[in-house]
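**Student:** Sharing a model that was predicted from the sequence below.
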Amino acid sequence: MSKSEVTRRGVLKTGAVAGAGLAVPTIFTASSAAAYTNEPTGGTVTLGFNVPQTGPYADEGNDELLAQQLAVEHLNGEGDGGCLNTFTSKALKGNGILGKKVTFVTGDTQTKSDAARASAKSMIEKDGAIMINGGSSSGVAVAVQGLCQDAGVIFMAGLTHANDTTGKDRKANGFRHFFNAYMSGAALAPVLANEMGKDRRAYHLTADYNWGWTQEESIVASTEALGWETVNTVKTPLASTDFSSYIAPVLNSGADVLVLNHYGGNMVNSLTNAIQFGLLDKVVNGKDFKIVVPLYSELMAAGAGENIKGVLGSMNYNWQLQNEGSKQFVKSFGEKYGKPPSNSAQTCYAQTLLYADACERAGTFNPCGVVEALEGFEFDGLGNGKTLYRADDHQCFKDVLVVRGAQNPTNAYDTLEIVEITPVEQVSYAPNHPMFGGDEATLGSCNSGA
Amino acid sequence: MDGFLLQILNGLDKGSAYALIALGLTLIFGTLGVVNFAHGALFMIGAFCAVTLQRFLSLSYTVEDPTQKDFLGNPLKVETPYVESWFGPEVGSTIIDWSVPLAILLAIPVMVFLGLVMERGLIKHFYKRPHADQILVTFGLAIVLQEIIKYYFGANPIQTPAPDALSGVANVGAIVGMELLYPVWRIVYFCFAVLIIFGVFAFLQFTTFGMVVRAGMADRETVGLLGINIDRRFAIMFGVAAAVAGLAGVMYGPINPPNYHMGMDFLVLSFVVVVVGGMGSLPGAVLAGFMLGILESFASTTWATTTIPGINQIIIYLVAIIVLLARPRGLMGRKGVMED
């Protein structure tokens, strides 16, 4: 018969050991949570704003930067609070993110993939940026998104319209608020059918790079589904400045619609050249000749001047939207900078707030926690109306705007008028849609950099 | 047939810009022996002379109109250009409308002055240095100039439309009884380029100054030994070349809205034009400019791009290789130029 020797000291010892043993996983978990890239340790958290500050999209980048600075102000409780007042999620209190004051560093993408990667890398490695936001090009977005995935930080894309960003090149750490080429096609098609009819012959001039190809593919698919015929699709070098030799063949092609899959300087020049050749004054196949610019931006519209009058296109956002979030954002931005925001500014502002909000809701800066908080997140009050961050591909789904070059602008900012707000249902698609990489496209796993 | 003729016209039009820039480039190389990579920037600055004049003429005073609202709901500030209040709405708006042609008057002195400053202040210090040094310093200068322009005018293209009277299309085929519509301003640009090219040739051919310059181009040392300050004349020719590039830029604005990068877009092509035409050969530069412009235009046709994909992007360089293989000095190059 054994005698149990339970002593007070023994119980205390055992308790201490057991307690320590039980505590180990907690400590381990905590240290594991701390082991992610650039975990903020002091009283501040650093965001990296990677925008084109030089190069052809510098004006657009500058507008993005203004919006990002405004977002930081609002996050830190400065200014009028902006869309924190209208955002449906009430996690943000204007005291930074998770109680840490928000600071930021900036990088210059130069609208070049290698330069953008270098500046993002520098912000992550040298400045301790925990999230990268911004950009005005799909090539840049895809390149920086890949870098952020590998580095274990979140990438909140700026202006990127190619299907690939959340298609075949989608990444678990990357999120796109901006719309895409497929959505442009889906939104434009019914309006084109309404205004131009279903018996049209379209001629495409397409910028010869990734974004141009995906936009052409999307617009061709949606217009052919209407019954339109695609007469020709011609790729134009990105470095082209004079498009006259591409416009001249349009005149003899039998086409009665010219689709310009161009952006930036290319769009301004090709549209200007098309107007110079009198295309909009022509009657072909018994119909008035029309021009379509599927992707518009206010800054490019200003560059094109009077040439955009009456020309249809699509946008992610326009400052003339009258929902509460939009009115609040226009007021905050307009009063601070004296001009209305562009749609690239709005997307960067929204992305910065969405990231901060996701951190608050997740209770951590850990990228995997942020990813979880953003996936399937539904919100409103940031300017675009009801929006869903779809979990399958990290693409935002919301209404898309069909716009037209203003016929009688009353001031310098009155360049575009909203023709239709296309409901989100009409621009939605399956995550494994062939234009988005099909079944092979996957997000992979989130990377916290641990 | 229409398409063929349209591409010829397009080619002549593109060639006009190439020829004017290449003419200035080769003028500088032929006189001073300098490979000027800042020449594209001079073309761009010319275009911005038009932008500047347009903005100057559009300077306005603002009056609040309480009946209209701005984007923040405040009374709209209506802008009225001073020229319209001084000369009346009709005359004032006509002056603004013609700002591009009027900018020629501004661009000539500005460009000559800028050319002289560039030559006297910087480039003359590099005459005896290798061509590689000249290329580096002038390329650096080009970047500085374009960044200055971007700082003041932004990166976006800025519309400088042609006057209403010279906008729209004209039926250039009417003389042969067919319909061939072509933008009026592009016809104006071509005629303007031909005028400038003839003007430069006439200046060199029929004036004493031009005769001395030509003599200096043929044998600088001997002309110097005759007691003529050939350096001064060559410096003036640099100013003339800058003015030619600037005028090409002024008139190019309505074809494609000026932006800070437009000079670089033309620079490489213009160098190819100079090399194909023959280094230092003025007629060669003009001939090659028009020839390559037309070839580029045809290479962009649907037929050409379908038959040989990408031909539109390489045609100029392909032709340059063929020409240089067949005639290493270019189409009209002289013996001894850049061959030491």
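**Tutor:** That came through, no problem. Note that this is a predicted model, so its numbers are computed, not measured.
**Student:** If you count contacts, what does the one helix or strand B:Q7 maps to end up packed against?
**Tutor:** Using DSSP states H and E, B:Q7 falls within helix B:2-32. Other helices and strands packing on helix B:2-32, by 3 or more C-beta pairs under 8 Å, 6 or more residues apart in numbering or on different chains; DSSP states H and E, are helix A:244-251, helix B:39-57, helix B:184-206, helix B:208-218, helix B:230-252, helix B:262-277, helix B:282-299. In this view, the C-beta of every residue, glycine as well, is placed from N, C-alpha and C.
**Student:** would a markdown table of these with distance to B:N156, mean pLDDT and mean neighbour count be doable?
**Tutor:** Formatted as a markdown table, these follow (distance: least, C-beta to C-beta, whole Å; pLDDT from 0 to 100; neighbours: other C-beta atoms under 10 Å in any protein chain shown):
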| stretch | distance to B:N156 | mean pLDDT | mean neighbour count |
| --- | --- | --- | --- |
| helix A:244-251 | 21 | 86 | 24 |
| helix B:39-57 | 12 | 96 | 25 |
| helix B:184-206 | 21 | 94 | 17 |
| helix B:208-218 | 40 | 89 | 16 |
| helix B:230-252 | 17 | 93 | 25 |
| helix B:262-277 | 12 | 88 | 24 |
| helix B:282-299 | 26 | 90 | 24 |
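**Student:** List just the one of the ones you listed that sits closest to A:V142.
**Tutor:** Taking C-beta to C-beta, helix B:262-277 is the member of the helices and strands packed on helix B:2-32 nearest to A:V142, at 25.6 Å.
**Student:** Can you name every helix or strand that that closest one contacts?
**Tutor:** helix B:2-32, helix B:39-57, helix B:131-153, helix B:230-252, helix B:282-299, helix B:311-326.
**Student:** repeat that with 10 Å
**Tutor:** Packing contacts for helix B:262-277, counted by 3 or more C-beta pairs under 10 Å, 6 or more residues apart in numbering or on different chains; DSSP states H and E, involve helix A:265-276, helix B:2-32, helix B:39-57, helix B:131-153, helix B:230-252, helix B:282-299, helix B:311-326.
**Student:** In contact with B:I316: list those residues for me.
**Tutor:** Contacts for B:I316 (C-beta atoms under 10 Å, 6 or more residues apart in numbering or on different chains) come out as B:18, B:268-269, B:272-273, B:276, B:288, B:291-293, B:295-296, B:299.
**Student:** Just give me the closest of the residues you listed to A:A181.
**Tutor:** Nearest member of the contacts of B:I316 to A:A181, counting by C-beta to C-beta, is B:A299, at 28.2 Å.
**Student:** any idea of the pLDDT on the residue nearest to that closest one when sequence neighbours are not counted?
**Tutor:** Leaving aside its chain neighbours, B:A299 sits nearest to B:I315 (3.9 Å; criterion: C-beta to C-beta, 6 or more residues apart in numbering or on different chains). With respect to pLDDT, B:I315 has a value of 89.
**Student:** neighbours around B:I315, how many?
**Tutor:** B:I315 has 19 neighbouring residues, counting by other C-beta atoms under 10 Å in any protein chain shown.
**Student:** what residues are up against it?
**Tutor:** B:L292, B:L295, B:E296, B:S297, B:F298, B:A299, B:S300, B:A304, B:I308.
**Student:** Also A:A202?
**Tutor:** A:192, A:196, A:219-220, A:223-224, A:226, A:228-233, A:255-259, A:290, A:292.
**Student:** Name the SS class of it, please.
**Tutor:** Counting by DSSP: H, G, I helix; E, B strand; the rest coil, the backbone at A:A202 sits in strand.
**Student:** Show me what it bridges to in the sheet.
**Tutor:** Beta bridges link A:A202 to A:T230, A:V257 when assigned by DSSP bridges.
**Student:** okay, it: pLDDT?
**Tutor:** 97.
**Student:** residues contacting residue 249?
**Tutor:** I went with chain A, as the question did not name one. Here A:P249 is in contact with A:203, A:205, A:232, A:234, A:255, B:3, B:6-7, B:300-305 (criterion: C-beta under 10 Å, 6+ apart).
**Student:** um, chain B though
**Tutor:** B:17, B:20-21, B:40-50, B:103, B:107, B:111, B:258, B:262-263, B:266.
**Student:** if we go to 7 Å?
**Tutor:** Residues near B:G249 by C-beta atoms under 7 Å, 6 or more residues apart in numbering or on different chains: B:F43, B:M44, B:I45, B:G46, B:A47.
**Student:** any idea how far it is from chain A?
**Tutor:** 13 Å (C-beta to the nearest C-beta, to the nearest Å).
**Student:** Please report the number of neighbouring residues for residue 137.
**Tutor:** Going with chain A. 30.
**Student:** ah, I was thinking of chain B
**Tutor:** Using other C-beta under 10 Å, B:V137 is surrounded by 19 other residues.
**Student:** again with A:P190
**Tutor:** Neighbours around A:P190, by other C-beta under 10 Å: 15.
**Student:** What about it? Give its phi and psi, please.
**Tutor:** phi -60, psi -30 (degrees, to the nearest 10).
**Student:** Just the pLDDT at it, thanks.
**Tutor:** Listed pLDDT for A:P190 reads 94.
**Student:** any idea which element the spatially closest residue to A:T109 that is not a sequence neighbour lies in?
**Tutor:** Spatial nearest neighbour of A:T109, excluding adjacent residues (C-beta to C-beta, 6+ apart): A:A116 at 3.7 Å. Element membership of A:A116 [criterion: DSSP H and E] is helix A:113-125.
**Student:** List the contacts of stretch A:414-425.
**Tutor:** Residues outside stretch A:414-425 that contact it (C-beta under 7 Å, 6+ apart) are A:187, A:191, A:296, A:298, A:301-302, A:308, A:312, A:318, A:320, A:397-406, A:409.
**Student:** What mean pLDDT does that stretch get?
**Tutor:** Across stretch A:414-425, the average pLDDT comes to 94.
**Student:** interface residues of the stretch 1-150 of chain B facing chain A?
**Tutor:** By the rule C-beta under 7 Å from any C-beta of the partner chain, the part of the stretch 1-150 of chain B lying against chain A is B:2-3, B:6-7, B:10, B:13-14, B:68, B:70-72, B:76, B:150.
**Student:** immediately after the helix holding A:A116, which helix or strand?
**Tutor:** strand A:131-134.
**Student:** In the chain, which residue is most central in space?
**Tutor:** Picking chain A for this. Nearest to the mean C-alpha position of chain A, counting by C-alpha atoms, centre = their mean, stands A:F178 at 3.0 Å.
**Student:** Chain B, not that one
**Tutor:** B:A248 (3.2 Å).
**Student:** count of neighbours near the nearest residue to that one once chain neighbours are set aside?
**Tutor:** Spatial nearest neighbour of B:A248, excluding adjacent residues (C-beta to C-beta, 6+ apart): B:L20 at 3.7 Å. B:L20 has 32 neighbours, counted by other C-beta under 10 Å.
**Student:** got it, and A:F277?
**Tutor:** Neighbours of A:F277 using other C-beta under 10 Å come to 24.
**Student:** so it touches A:S245, yeah?
**Tutor:** No. Assessed by C-beta atoms under 7 Å, A:F277 is found out of contact with A:S245, at 11.0 Å.
**Student:** Tell me the residues of the stretch 51-200 of chain A that contact chain B?
**Tutor:** A:P56, A:Y57, A:A58, A:D59.
**Student:** tell me the contacts of the residue in the stretch 1-150 of chain B that chain A sits nearest to?
**Tutor:** Residue nearest to chain A within the stretch 1-150 of chain B: B:L6 (4.2 Å; C-beta to the nearest C-beta). Neighbouring residues of B:L6 by C-beta under 7 Å, 6+ apart: A:A248, B:L180.
**Student:** Tell me how far it lies from B:A174.
**Tutor:** Going from B:L6 to B:A174 by C-beta to C-beta, to the nearest Å gives 15 Å.
**Student:** And for A:I130?
**Tutor:** Counting by C-beta to C-beta - A:I130 and B:A174 are separated by 68 Å.
**Student:** Compare these two and say which one has the larger neighbour count.
**Tutor:** Taking other C-beta under 10 Å, A:I130 and B:A174 do not tie; A:I130 has more neighbours (27 against 11).
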